[in-house]
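Asker: Return atomic coordinates for the entry below.
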Amino acid sequence: MNYYSHPVKQGGSYRSYRSKAKKKQFIGRGILVVIFISLVFLGANKACTPPEDATAKYKKNLENDPTSVEAYLALGKSFASKAIASEYPEEKEKFFQEAIGFFQRAIILDKDKKLIPETHYQLGLTYFKMSRLNLKKAYYREAEEELNIAINEGAKYSDIHLYLGHLYFRKNAFDNAIEEYKKARELNPNDISAWYNLGWTYKIKGLYHESINAFQEVLSVRGLDDEFKVKVYAILGEIYLSKNELNYAQNEYKKILKLDRNSVEAHYQLGCIYKKQENLRDAEKEWRRVLRLSPNHVEARNELTRLNS
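Answerer: I've put the predicted structure just below:
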């Protein structure tokens with residue numbers, strides 16, 4: 001999974017101090033405009049030509065070879081993607097069921113077992129995603145079975161263990177979830193999903209030291225966007241508050257304010273920290289900021305009332 005990857009934004013403007021440079025700049029811009037218009041024109045023509053439907057292509061392959069495991073596997077992936085892309089619940093269900101049928105057919109036909117690990121993985125993933133989208137009819141048990149079969153057949157994908165971790169987590173089998181997230185991390189040390197979920201599960205179990213270490217690993221990854229950093233800082237702040245390590249918690253909430261100075265949660269929690277430190281003046285300032293940002297914030301209003309009573 002690729003998270004929080006952004007192109008570098010280059011700001012600033014170019015200044016020209018000589019007319020000759022201005023002339024070159026004008027000519028250069030003219031060339032760029034011509035190129036841009038040409039590309040748009042070509043792109044428009046290309047857009048007018050409908051791309052070959054991948055599903056039709058795979059079905060055609062089956063006409064040539066009705067026992068093609070590769071074609072059934074590809075069709076399963078294609079219909080699973082269609083299900084996720086669809087906006088209609090009934091259509092999603094239909095596409096998912098078709099995907100499952102294709103995967104099951106591929107498993108039956110795969111006598112050499114060359115694609116068995118991949119197919120069971122895709123089938124388990126489909127059951128998992130279908131359950132997430134249709135809470136009335138869950139297939140988590142089937143998802144767990146298929147993912148474990150994929151592992152037993154030799155599949156070594158970090159995502160398998162990540163999804164198994166999710167499955168165990170939802171059953172409150174936190175120790176099993178931790179083991180799966182660890183395996184996902186071992187297979188892909190740069191997967192922040194594994195680190196994040198590991199940190200969260202440790203937090204749920206009250207293993208705060210391990211949780212902090214996991215979230216610090218998340219923050220060490222380059223390219224994280226500010227919104228995600230704020231989320232992690234807030235979790236760390238909450239953990240430090242649970243440990244009554246007020247100075248560390250204070251640092252985390254201040255980090256949030258460097259990225260989002262209007263964070264209601266950060267200002268409120270800082271007020272609570274200052275109150276515990278008997279710094280009532282700063283506590284009052286923070287809670288008043290909260291009410292300026294969120295006038296209906298009940299907790300901040302109650303704190304101010306108690307402070308001034």
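Asker: Am I right that Tyr274 is in contact with Trp287?
Answerer: No. Between Tyr274 and Trp287 there is no contact, the gap being 9.3 Å when judged by CB atoms under 8 Å. For every residue, glycine as well, the C-beta is placed using N, CA and C.
Asker: For the two, indicate the residue with more neighbours.
Answerer: A count of neighbours by other CB atoms under 10 Å puts Trp287 above the other of Tyr274 and Trp287, at 25 against 20.
Asker: Any idea how many residues pack against Asp226?
Answerer: Neighbours of Asp226 under the rule other CB under 10 Å: 12.
Asker: Apologies, that question was intended for Lys231.
Answerer: Neighbour number of Lys231 under other CB under 10 Å is 16.
Asker: what about it, which SS state?
Answerer: helix (DSSP: H, G, I helix; E, B strand; the rest coil).
Asker: and it, what pLDDT?
Answerer: Per-residue pLDDT puts Lys231 at 97.
Asker: same thing with the one 10 residues further on?
Answerer: Residue-level confidence at Leu241 comes out at 98, pLDDT.
Asker: in this protein, what secondary structure element scores lowest on mean pLDDT?
Answerer: helix 19-48 (a mean of 40; mean pLDDT, DSSP states H and E).
Asker: packing partners for the helix or strand just after it?
Answerer: Next helix or strand after helix 19-48 toward the C-terminus (DSSP states H and E): helix 54-64. If you count contacts as 3 or more CB pairs under 8 Å, 6 or more residues apart in numbering; DSSP states H and E, helix 54-64 packs onto helix 69-85.
Asker: Off-centre distance for the helix it packs on?
Answerer: 22 Å (CA atoms, centre = their mean, to the nearest Å).
Asker: Just the CA coordinates for the very next helix or strand once past that helix, please, in PDB.
Answerer: Downstream of helix 69-85, the next assigned helix or strand under DSSP H and E is helix 89-109. This file holds the C-alpha atoms of helix 89-109, laid out as PDB (Å, rounded to 0.1, in the frame of the first residue of the first chain):
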ATOM      1  CA  PRO A  89     -24.700  -1.800  -3.400                       C
ATOM      2  CA  GLU A  90     -26.600  -4.400  -5.500                       C
ATOM      3  CA  GLU A  91     -24.100  -4.100  -8.300                       C
ATOM      4  CA  LYS A  92     -21.200  -4.400  -5.800                       C
ATOM      5  CA  GLU A  93     -22.700  -7.600  -4.500                       C
ATOM      6  CA  LYS A  94     -23.100  -9.000  -8.000                       C
ATOM      7  CA  PHE A  95     -19.600  -8.200  -9.100                       C
ATOM      8  CA  PHE A  96     -18.100  -9.600  -5.900                       C
ATOM      9  CA  GLN A  97     -20.000 -12.800  -6.300                       C
ATOM     10  CA  GLU A  98     -18.800 -13.100  -9.900                       C
ATOM     11  CA  ALA A  99     -15.200 -12.500  -8.800                       C
ATOM     12  CA  ILE A 100     -15.500 -15.300  -6.100                       C
ATOM     13  CA  GLY A 101     -16.900 -17.700  -8.800                       C
ATOM     14  CA  PHE A 102     -13.900 -17.000 -11.100                       C
ATOM     15  CA  PHE A 103     -11.400 -17.400  -8.300                       C
ATOM     16  CA  GLN A 104     -13.000 -20.700  -7.200                       C
ATOM     17  CA  ARG A 105     -13.000 -21.900 -10.800                       C
ATOM     18  CA  ALA A 106      -9.300 -21.000 -11.100                       C
ATOM     19  CA  ILE A 107      -8.500 -23.100  -8.000                       C
ATOM     20  CA  ILE A 108     -10.300 -26.100  -9.300                       C
ATOM     21  CA  LEU A 109      -8.500 -25.900 -12.700                       C
END
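Asker: just the angle between helix 89-109 and helix 54-64, please?
Answerer: Calculated by axes from the mean of the first three to the mean of the last three CA atoms, to 10 degrees, helix 89-109 forms an angle of 30 degrees with helix 54-64.
Asker: Name the residues of helix 89-109 that come out as buried.
Answerer: Residues of helix 89-109 classed as buried: 92-93, 95-96, 98-100, 102-103, 105-107, 109 (neighbour count, 16 or more other CB atoms under 10 Å).
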